[in-house]
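**Q** Let's see this in three dimensions:
(one chain, ligands or ions: 1)
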Amino acid sequence: MAVDSFAGKLAVVTGGGSGMGRELVRQLAAQGCSAAACDLNAEAVAVTAATSWAAAPPGVRVTGHACDVSDEAQVLRFREELLEQHARDHVDLVFSNAGIGGGGSFVKDSRDDWERTFAVDWWGVYYCARVFLPLLIASGDGVLVNTSSVNGFWATLGPGMPHTAYSTAKFAVKGFSEALIEDLRTNAPQVRVAVVMPGHVGTDILANSLRAHGLPELEQMSDAQVADVIPPAAQAALIRAGMLPEGASPGDLRRMLARANADFRDKAPLSAAAAATVILDGVRSGAWRILVGEDARKVDAAVRAHPEAAYDYAELRRMVAGTAAAKTPGQQPAQPG
Ligand SMILES: NC(=O)c1ccc[n+]([C@@H]2O[C@H](COP(=O)([O-])OP(=O)(O)OC[C@H]3O[C@@H](n4cnc5c(N)ncnc54)[C@H](O)[C@@H]3O)[C@@H](O)[C@H]2O)c1
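**A** All right, here's what the predicted structure looks like:
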């Protein structure tokens, strides 16, 4: 069912301190929708709330909350805080957007990193659905919007760059959301679900993910920590792609990481603000499947047409091409996406 307007509604946005989450909050507020945003980074989400609220039309309220979505007790506390601060007994929209990368290799990476990524990207979405579904039902016209990724249907970043924890979680988010379509239709028709699958969107997700895994800022990282972030197989792939010099030093790796984060943010085909507009337009149109970006649409079409070729990078590149302008899958630096 399409939504005419978000005005007068209350939206919950997780991961509202940065990137697409911050832009969702800004745009919703500008359109007259109150919002409760949460983030692991309390300072960042406070900035989102203050700036979005200041620019919003009268009657809109925007609140920021500290919450780790991978901890159900914190999600429950977030729910209580926002109901009290917004003086409501229901919410109309839930954007389960918070996410991090990491735990790329099931074989080589630490179990802690793998499980931390999976906990945020899957359990965070699951807990938010559990906690907020009754409030969406109470709205009488609720929408649950879960963010997956191109890695929810294509489980790699390319040659030498496995992406197992993130992809596993994002496949789960997509499967869960699709399974909810019939469940909600049958058992809670007051609510619909949409799954968002962005391609490359310009955000600070790389730096934020490192922080979320407990690593210090880049300049403070030890050589061993930097080498852990870009393991040997990824280094080899980056050397082949001409993005790292042969025999790269820890200094080279540090510079490469800083450049990769800046390039990922600044050279993306789509900004976070443009992506948020696509997401909100999709929700407004009543779509359940929201692909964000031309790259996401092309990879989606290619892996649907030729699933067996999905991990044959040369073949996939040929299928995605004809599209010289598109970023070729498999040539991106080691980023979540
Ligand atoms: N940027 C891309 O290219 C891209 C592509 C596909 C999917 N996505 C997905 O889009 C969503 C938004 O990503 P983004 O690129 O805007 O990233 P971002 O890093 O700019 O924003 C994500 C926010 O989530 C917060 N966060 C991290 N862990 C959290 C936790 N446990 N609890 C609460 N908040 C937490 C971070 O602090 C950050 O503010 C994520 O789910 C990501 O996986 C991003």
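**Q** So which bits of the helix or strand encompassing A262 are buried?
**A** Assigned by DSSP states H and E, A262 belongs to helix 250-266. If you call a residue buried by 16 or more other Cβ atoms under 10 Å, then helix 250-266 has these buried ones: 252-254, 256-257, 260-261, 263-265. C-betas here are computed from N, CA, C, even on glycine.
**Q** Can you say which two of these are spatially most distant?
**A** Greatest spatial distance in these: D252 and R265, 20.5 Å, computed using Cβ to Cβ.
**Q** Skipping adjacent residues, who's closest to E81 in space?
**A** Leaving aside its sequence neighbours, E81 sits nearest to H65 (Cβ to Cβ, 6 or more residues apart in numbering; 5.5 Å).
**Q** Need the contact partners of the one helix or strand the one you found maps to.
**A** H65 belongs to strand 62-66 when assigned by DSSP H and E. Strand 62-66 has contacts (Cβ atoms under 8 Å, 6 or more residues apart in numbering) with 16-17, 25, 29, 34-40, 42, 45-50, 52-53, 56, 78, 81-82, 85-86.
**Q** For it, which strands pair with it and how are they oriented?
**A** Strand 62-66 pairs in its sheet with strand 34-39 (parallel), by DSSP bridges.
**Q** gap between the partner strand and the chain center?
**A** 16 Å (Cα atoms, centre = their mean, to the nearest Å).
**Q** residue contacts, the nearest residue to S105 once chain neighbours are set aside?
**A** Once flanking residues are discounted, S105 sits nearest to P162: 5.0 Å by Cβ to Cβ, 6+ apart. Shown in contact with P162 (Cβ under 8 Å, 6+ apart): 104-107, 156, 233.
**Q** Repeat the analysis, applying 10 Å as the threshold.
**A** Listed by Cβ atoms under 10 Å, 6 or more residues apart in numbering, the contact set of P162 reads 103-109, 155-156, 231, 233-234, 334.
**Q** and those as JSON lines, adding neighbour count and secondary structure?
**A** Shown next, in JSON lines, are these (neighbours: other Cβ atoms under 10 Å; DSSP: H, G, I helix; E, B strand; the rest coil):
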{"residue": "G103", "neighbour count": "27", "secondary structure": "coil"}
{"residue": "G104", "neighbour count": "26", "secondary structure": "coil"}
{"residue": "S105", "neighbour count": "17", "secondary structure": "coil"}
{"residue": "F106", "neighbour count": "12", "secondary structure": "coil"}
{"residue": "V107", "neighbour count": "8", "secondary structure": "coil"}
{"residue": "K108", "neighbour count": "12", "secondary structure": "coil"}
{"residue": "D109", "neighbour count": "18", "secondary structure": "coil"}
{"residue": "A155", "neighbour count": "19", "secondary structure": "coil"}
{"residue": "T156", "neighbour count": "19", "secondary structure": "strand"}
{"residue": "P231", "neighbour count": "17", "secondary structure": "coil"}
{"residue": "A233", "neighbour count": "17", "secondary structure": "helix"}
{"residue": "A234", "neighbour count": "22", "secondary structure": "helix"}
{"residue": "A334", "neighbour count": "27", "secondary structure": "coil"}
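**Q** Which pair of those residues spans the longest distance?
**A** Among the contacts of P162, A155 and P231 lie farthest apart (Cβ to Cβ), at 17.9 Å.
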